[in-house]
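Visitor: Show me how the following folds:
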Amino acid sequence: MDIPGYEQEYVATPRETIVELLRSANRLDGTVPIRRSFLQQGTGRDPTPGPLSVLVRHGDRRGLDLYLLLKAVASSPPYNSHRGAGVWARALRHSGVTADERAISKIWARLDSLALVSRSRLGRLADVTLLREDGSGEPYTHPGTDGHPYFQLPVAYWLDQVGRWSETLSLPAKAMLLIAHSLQPGFVLPVEKAPAWYGVSADTAQRGLALLVRRGVLTRAKVPKKAPLAPLGFTTDSRYTLQGALAGRRAQRGNGDA
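Guide: As a prediction, the model looks like this:
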């Protein structure tokens, strides 16, 4: 007997799909470790942008959303996942974007071209495996095992129903959120330095930071400092600090949770 809405009642929602993906990876609380080299490489005196810059420059919000979700789901060796494209497409809708199975395949291909993942087939399903976050194509290992600097993205990014961060933050805000996590509380980030340091335009950095401040993810404090050649003899720095559910743990080096 046909009952209007009967089948829809039993279709998992995007949020339910996200929850089950994270549950399967034992990620319903805690954080997701991400090497700082995803954002920035080079040296302190000569920094160069990491793979994040390519995703931002191309406006690839779906690529960043799917990559971060895979980082959360592929939580233990061999750091892979072989889910149907329909599952990923439904989960991605939780991040406020639309995708079908064909789109998922194209997104994986873009991430593969950046050497962030590798792909193979496991039966009829795509088997997607994480590679190291720097785009070198090296196999992925937990950054806490090799001393690489890394930061931790709280799973509240997906699960906090008040902020609904993965769904409601823009691509510039998501990029600046990741960058904020890689820095210490009270960090200073002159937006004019963003292109050289992170491959993100000054306008993108400004818009991302401003949205995070408006949403209460960041606090901004104006701190004066002496500047003998300035008209008033001083200038101010904007110092940012993460707050609330997305604060979590910040930049680390050495051993950490898997």
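Visitor: hey, where'd the helices end up in the stretch 1-150 of the chain?
Guide: Under the criterion DSSP state H, counting those that start in this stretch, the stretch 1-150 of the chain contains helices at 14-24, 52-57, 61-73, 85-92, 101-113.
Visitor: Take those and lay them out in CSV including mean pLDDT and mean neighbour count.
Guide: C-beta: built from backbone N, CA, C; applies to glycine. Shown next, in CSV, are the helices of the stretch 1-150 of the chain (pLDDT from 0 to 100; neighbours: other Cβ atoms under 10 Å):
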stretch, mean pLDDT, mean neighbour count
helix 14-24, 94, 17
helix 52-57, 98, 21
helix 61-73, 96, 22
helix 85-92, 92, 21
helix 101-113, 94, 16
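Visitor: Compare those helices and give me the one nearest residue 43.
Guide: Of all the helices of the stretch 1-150 of the chain, helix 52-57 sits nearest to residue 43, with 17.0 Å by Cβ to Cβ.
Visitor: counting contacts, what elements does the closest one pack onto?
Guide: Helices and strands touching helix 52-57, by 3 or more Cβ pairs under 8 Å, 6 or more residues apart in numbering; DSSP states H and E, are helix 61-73, helix 171-181.
Visitor: Redo these as CSV? Include distance to residue 26.
Guide: Formatted as CSV, those follow (distance: least, Cβ to Cβ, whole Å):
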stretch, distance to residue 26
helix 61-73, 10
helix 171-181, 21
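Visitor: Can you check which of those gets nearest to residue 195?
Guide: When those are compared by Cβ to Cβ, helix 171-181 sits nearest residue 195, at 12.6 Å.
Visitor: Run the chain-centre distance for the closest one.
Guide: What separates the centre of helix 171-181 from the centre of its chain is 7 Å, taken as Cα atoms, centre = their mean, to the nearest Å.
Visitor: What are the contacting residues of it?
Guide: With contacts defined as Cβ atoms under 8 Å, 6 or more residues apart in numbering, helix 171-181 is touched by 34, 38-39, 52, 55-56, 59-61, 64-65, 151-153, 157, 165, 169, 187, 189, 198, 200, 204-205, 207-209, 211-212, 215, 217-218, 240, 242, 246, 248, 250-251.
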